[in-house]
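Visitor: Here is my input; please provide its structure:
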Amino acid sequence: MPTLSKKMAEAYKVLPKLDAKSLANSKYYKGGFEPTMTKREASLILGVSPTASKSKIKERYKKLIVLNHPDCQGSPYLASKISQAKDLLEKK
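Guide: Numbering: from 1, shown residues only. Model prediction:
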């Protein structure tokens, strides 16, 4: 047991430190959905630029909907948001 606690202490020292600054620079979007979806929000959901081509939007939509479809244990809410984002961006 003493060697285990020593190894755990050494492993803890090597782990990267998480602070507010590193969390703020994370690649993940920190925020909920807006009441009315905007082009900016739609592009964040699909991971494309707001001026992306219809083929790029369709490609990203297919990848995301396969991962989040309710028939594959995904969230119905997220699937609807992904579909809403695709529809909004394709309208342009």
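Visitor: only C-alpha atoms for contact and neighbour calcs from this point on.
Guide: Noted.
Visitor: phi, psi of residue 36?
Guide: Main-chain torsions, residue 36, degrees, to the nearest 10: phi -120, psi 120.
Visitor: Now do the contacts for the nearest residue to residue 65 once chain neighbours are set aside.
Guide: Spatial nearest neighbour of residue 65, excluding adjacent residues (C-alpha to C-alpha, 6 or more residues apart in numbering): residue 79 at 6.2 Å. Counting by C-alpha atoms under 8 Å, 6 or more residues apart in numbering, residue 79 touches 65, 68-70.
Visitor: isn't residue 70 right up against residue 80?
Guide: No - Residue 70 is beyond contact range of residue 80, at 9.8 Å (criterion: C-alpha atoms under 8 Å).
Visitor: of the contacts of residue 79, closest to residue 8?
Guide: residue 68 (37.0 Å; C-alpha to C-alpha).
Visitor: Low-confidence stretches in the chain?
Guide: The chain contains residues with pLDDT under 70 at 1, 16-31, 92.
Visitor: correct me, but residue 58 touches residue 85?
Guide: No - assessed by C-alpha under 8 Å, residue 58 is found out of contact with residue 85, at 10.7 Å.
Visitor: Those two: who's more crowded?
Guide: residue 85 (23 against 16; other C-alpha atoms under 10 Å).
Visitor: Apart from its neighbours in sequence, what residue is nearest that one?
Guide: Of all residues not flanking residue 85 in the chain, residue 42 sits nearest, at 4.4 Å (C-alpha to C-alpha, 6+ apart).
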